[in-house]
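Novice: Give me the fold of what follows.
(2 chains)
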Amino acid sequence: MKVLIVAEIKNYTMNFGPQHPAAHGVLRLVLEMDGEVIQRVDPHIGLLHRATEKLAENRTYLQSVPYMDRLDYVSMMMNEHAYVMTIENLLQLKVPIRAQYIRVLFDEITRILNHLLWLGAHALDVGAMTVFLYAFREREDLFDCYEAVSGARMHAAYYRPGGVYRDLPSKMPQFQPSKKQSTSEINKLNKNRTGSLLDFIEDFSKRFPTYVDEYETLLTDNRIWKQRTVGIGVVDPDRAVALGMTGPMLRGSGVEWDLRKKQPYETYSDLDFKIPIGKEGDCYDRYLVRMEEMRESNKIIKQCIDWLRVNPGPVISNDNKVSPPSRSEMKEDMESMIHHFKLFTEGFHIPKGEAYAAVEHPKGEFGTYIISDGANKPYRLKIRAPGFPHLAAINEMTKGHMLSDLVAIIGTQDIVFGEIDR
Amino acid sequence: MSQSIKKQTQSLKSFFKKKMLSIDEDKGEITITFDQKNIIESLRFLRDRPEFDFKQLIDLCGVDYQEYKIAAQDEKRFCVVCHLLSLSNNQRLRVKVFADDDEFPIFPTMTEVWPNADWYEREAFDLFGLMFVDHPDLRRLLTDYGFVGHPFRKDFPMIGKVEVRYDPTLKRVIYEPVSIDERNNVPRLIRDEGTHRG
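Specialist: Predicted coordinates for the structure are as follows:
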């Protein structure tokens, strides 16, 4: 006798990550699938949790600056910016105008850096390899700017409470001839590095719009790209606000909100730029918003270069309780010597109080909240990471989509685990 | 800017009157402290009334005031701090609530007011051991599977309590008490001198 077994098809559970190339780091998703359709997503995060906030409670204010680089490790200087701004608010410290312009310049360089990585990774996830290679070619030039100004390609620790660590260098570092590269090849590589850092950035800002055109040729009207992104992960504006979305995720849904315009910090109120917003709130609109943002950032960079060329001045506050005195002052002046010693052994103290300051990070609103009890270390530091509420919303964004769309949605959220897990 | 902050403080004062415990304005930021009792109702007012319109919960975090009790309401230990943002009025507000019991801190959940409070409350539960009543899914979020304790409490050591290693005889990863000592090169110092600016 034959027994006929009719299998009843039920939902099944599937693991996505933590070691998955499209998981952008260490994301583990537990998916409940009905066939190929996602019913529920349960993200398991914390695999990169380093307790930055707890560490900062045990370090002086200055020692925590490099930790900020390692939060969102693709937009390093912006993290530092929010942190030093909170300290400056608590101390009511004035930042010299030149330092403000340098910060804006490097904020926008960082925005381009971040968006290039997002673009490359997002396109690669969806299946377009070439964009990744193009994007990383330009990122290399921007890393050279980071290196010229701070000595480090990525983890700069360049922004300091009261300004920036040092002024822009007057000479751009150059490639040296070696056994592998002939002098003529080296000369070719050094062509745009003969002048100052500002000359190099200016040269980049002239080239950059054509690069964005290149990426757009590859993607914007590409049929496959559109099939994978149009109508995927739609968030309507009210829901985006309720879910705590900020930055391009919010603007992609058509909400005009940008801290650079609405609550301007540093010198953004004097600069001319536009805020691109989307209409449909899907992955494609968020892509368009970010592409436009890169062009706007490039405009801001140009304005900053023009200003910085003609306005020399101090780049860090002269309040020696917070910022170190110059080397030459230290050789001459006993008080400067004491200041320097106290600053780097004990650190500076922040009066009792609390403050929250936020910047328009490439991913959204990045803020830090510091409670001070008057000590040389924060009593409590809370980092408001923009990616955290975005990832929390992934269940809502993916419900009813196919498994392959999940990858596009992770890509559009611009997930970086350094900041989500902290 | 300071004008609008004053106006906002006034309107909050006149609306909440006795429903709030205190309101404080410092360096352009407003902090309002609520009682546990009618917190959810007050938060709803903050969200829905057009003069406040705090539609977005920017951040929610726990704070342990164990070593800094003078700053807390009635020297209580645990506190939840919310940062709210109103897009239409372009204003920010900080809301504080303290737990009545230091041993077993309980808070009402804010997930019904702002849906993104979900993960923030899970994080606060994980790191500080704050209990959110009626939270739909109060699991640990950031720490390891099977983690014991609440690492961001002030009485939890910075180096942790356990360390892991692979044991070749047992052929699995095992947990042991930490073998390192806490290192602190810069002592924590509170000084009033030298902090005044001039």
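Novice: hang on, A:D414 packs against A:G252?
Specialist: No - contact criterion CB atoms under 8 Å: A:D414 and A:G252 do not qualify, at 11.0 Å. Any C-beta I mention is one placed from the backbone N, CA and C, and that applies to glycine too.
Novice: Quote the end-to-end distance of stretch A:51-65.
Specialist: Stretch A:51-65 has an end-to-end distance of 15 Å (CA to CA, to the nearest Å).
Novice: Which parts of that stretch count as buried, going by neighbours?
Specialist: Across stretch A:51-65, burial judged by 16 or more other CB atoms under 10 Å in any protein chain shown covers A:51-54, A:56-65.
Novice: okay, the residues you listed in JSON lines with pLDDT, distance to A:K94 and secondary structure next?
Specialist: Shown next, in JSON lines, are the buried residues of stretch A:51-65 (pLDDT from 0 to 100; distance: CB to CB, whole Å; DSSP: H, G, I helix; E, B strand; the rest coil):
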{"residue": "A:A51", "pLDDT": "89", "distance to A:K94": "33", "secondary structure": "coil"}
{"residue": "A:T52", "pLDDT": "91", "distance to A:K94": "28", "secondary structure": "helix"}
{"residue": "A:E53", "pLDDT": "91", "distance to A:K94": "28", "secondary structure": "helix"}
{"residue": "A:K54", "pLDDT": "91", "distance to A:K94": "31", "secondary structure": "helix"}
{"residue": "A:A56", "pLDDT": "91", "distance to A:K94": "24", "secondary structure": "helix"}
{"residue": "A:E57", "pLDDT": "90", "distance to A:K94": "27", "secondary structure": "helix"}
{"residue": "A:N58", "pLDDT": "89", "distance to A:K94": "29", "secondary structure": "coil"}
{"residue": "A:R59", "pLDDT": "89", "distance to A:K94": "25", "secondary structure": "coil"}
{"residue": "A:T60", "pLDDT": "91", "distance to A:K94": "22", "secondary structure": "coil"}
{"residue": "A:Y61", "pLDDT": "91", "distance to A:K94": "17", "secondary structure": "coil"}
{"residue": "A:L62", "pLDDT": "90", "distance to A:K94": "18", "secondary structure": "helix"}
{"residue": "A:Q63", "pLDDT": "90", "distance to A:K94": "23", "secondary structure": "helix"}
{"residue": "A:S64", "pLDDT": "91", "distance to A:K94": "22", "secondary structure": "helix"}
{"residue": "A:V65", "pLDDT": "92", "distance to A:K94": "19", "secondary structure": "helix"}
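Novice: Which other helices and strands does the helix or strand hosting A:E419 contact?
Specialist: Assigned by DSSP states H and E, A:E419 belongs to helix A:417-421. Applying 3 or more CB pairs under 8 Å, 6 or more residues apart in numbering or on different chains; DSSP states H and E, one finds that helix A:417-421 contacts helix A:387-392.
Novice: counting contacts, what elements does the helix it packs on pack onto?
Specialist: Against helix A:387-392 (3+ CB pairs under 8 Å, 6+ apart) you get helix A:403-413, helix A:417-421, helix B:117-128.
Novice: CA atoms only: put it into CSV for me.
Specialist: Taking C-alpha atoms only, helix A:387-392 is exported to CSV below (Å, rounded to 0.1, in the frame of the first residue of the first chain):
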residue,chain,number,x,y,z
GLY,A,387,21.8,54.0,11.6
PHE,A,388,20.3,52.6,14.8
PRO,A,389,16.6,53.6,14.1
HIS,A,390,17.1,52.9,10.4
LEU,A,391,18.0,49.3,11.1
ALA,A,392,15.3,49.0,13.7
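Novice: What mean pLDDT does that helix get?
Specialist: Average pLDDT, helix A:387-392: 91.
Novice: With mean pLDDT and distance to A:T220 as extra columns, can I get the helices and strands packed on helix A:387-392 in CSV?
Specialist: Output for the helices and strands packed on helix A:387-392, formatted as CSV (pLDDT from 0 to 100; distance: least, CB to CB, whole Å):
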stretch, mean pLDDT, distance to A:T220
helix A:403-413, 89, 15
helix A:417-421, 89, 28
helix B:117-128, 92, 34
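Novice: Quick one: closest of those helices to A:I371.
Specialist: helix B:117-128 (13.8 Å; CB to CB).
Novice: So is that closest one next to chain A?
Specialist: Yes - judged by CB under 8 Å from any CB of the partner chain, helix B:117-128 and chain A are in contact via B:118-120.
Novice: in the chain, what spans have low per-residue confidence?
Specialist: The chain I'm using is chain A. Residues of chain A that meet the criterion pLDDT under 70 lie in A:1-9.
Novice: Oops, wrong one, chain B.
Specialist: Across chain B, the ranges flagged by pLDDT under 70 are B:1-2, B:192-198.
Novice: in it, what residue sits furthest out from the centroid?
Specialist: Taking CA atoms, centre = their mean, the residue of chain B most remote from its mean C-alpha position is B:T169, at 43.9 Å.
Novice: List the residues that contact the residue in the stretch 151-300 of chain A that chain B sits nearest to.
Specialist: Nearest to chain B in the stretch 151-300 of chain A, going by CB to the nearest CB, is A:G244, at a distance of 3.6 Å. Residues in contact with A:G244 (CB atoms under 8 Å, 6 or more residues apart in numbering or on different chains) are A:389, A:392-393, B:56-58, B:114, B:116.
Novice: 7 Å - rerun?
Specialist: A:389, B:56-58, B:116 (CB atoms under 7 Å, 6 or more residues apart in numbering or on different chains).
Novice: and what of A:E88?
Specialist: Taking CB under 7 Å, 6+ apart, we find A:E88 in contact with A:95, A:161-162.
Novice: Over to A:A123?
Specialist: A:A123 makes contacts with A:131-132, A:219, as judged by CB under 7 Å, 6+ apart.
Novice: and what of A:G163?
Specialist: The contact partners of A:G163, by CB under 7 Å, 6+ apart, come to A:95-96, A:99, A:315-317, A:323.
Novice: what about the closest residue to it other than its chain neighbours, distance to A:I201?
Specialist: Of all residues not flanking A:G163 in the chain, A:I316 sits nearest, at 3.2 Å (CB to CB, 6 or more residues apart in numbering or on different chains). For A:I316, the distance to A:I201 equals 21 Å [CB to CB, to the nearest Å].
Novice: Looking at the two, which one has more neighbours?
Specialist: For A:I316 versus A:I201, the count of surrounding residues by other CB atoms under 10 Å in any protein chain shown is larger for A:I201: 28 against 21.
Novice: wait, the more buried one sits on A:C304?
Specialist: No - at 8.7 Å, A:I201 does not count as touching A:C304 under the criterion of CB atoms under 7 Å.
Novice: can you list residues touching both of the two?
Specialist: Contacts common to A:I201 and A:C304, judged by CB under 7 Å, 6+ apart, are absent.
Novice: Mind checking what secondary structure A:V359 has?
Specialist: strand (DSSP: H, G, I helix; E, B strand; the rest coil).
Novice: So for the spatially most central residue of chain A, what's the nearest residue that isn't a sequence neighbour?
Specialist: Most central in chain A under CA atoms, centre = their mean is A:S75, positioned 2.7 Å from the mean C-alpha point. Among residues not flanking A:S75 along the chain, A:N114 sits closest, at 4.0 Å (CB to CB, 6+ apart).
Novice: just how off-centre is the host helix or strand of A:R137 within its chain?
Specialist: Secondary-structure assignment from DSSP H and E places A:R137 in helix A:129-150. Distance of helix A:129-150 from its chain centroid, counting by CA atoms, centre = their mean, to the nearest Å, is 14 Å.
Novice: Please apply the same query to stretch A:271-282.
Specialist: With CA atoms, centre = their mean, you get 18 Å for stretch A:271-282.
Novice: what comes up buried for that stretch?
Specialist: By neighbour count on 16+ other CB under 10 Å, the buried set for stretch A:271-282 is A:271, A:273, A:275-278, A:280-282.
Novice: which residues touch it?
Specialist: Contacts for stretch A:271-282 (CB under 7 Å, 6+ apart): A:229-237, A:240, A:251-254, A:256, A:258, A:261, A:285-286, A:288-289, A:292-293, A:296, A:299-300, A:303.
Novice: CA atoms only: put it into PDB for me.
Specialist: Only the C-alpha atoms of stretch A:271-282 are listed here, as PDB (Å, rounded to 0.1, in the frame of the first residue of the first chain):
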ATOM      1  CA  LEU A 271      27.100  79.000   2.300                       C
ATOM      2  CA  ASP A 272      25.000  78.500  -0.800                       C
ATOM      3  CA  PHE A 273      23.700  75.000  -1.300                       C
ATOM      4  CA  LYS A 274      20.400  73.100  -1.900                       C
ATOM      5  CA  ILE A 275      18.700  70.300  -0.200                       C
ATOM      6  CA  PRO A 276      17.600  67.500  -2.600                       C
ATOM      7  CA  ILE A 277      14.500  65.600  -1.600                       C
ATOM      8  CA  GLY A 278      12.800  62.500  -3.000                       C
ATOM      9  CA  LYS A 279       9.200  61.900  -3.800                       C
ATOM     10  CA  GLU A 280       8.300  58.300  -3.600                       C
ATOM     11  CA  GLY A 281      10.400  57.200  -0.600                       C
ATOM     12  CA  ASP A 282      11.800  54.100  -2.300                       C
END
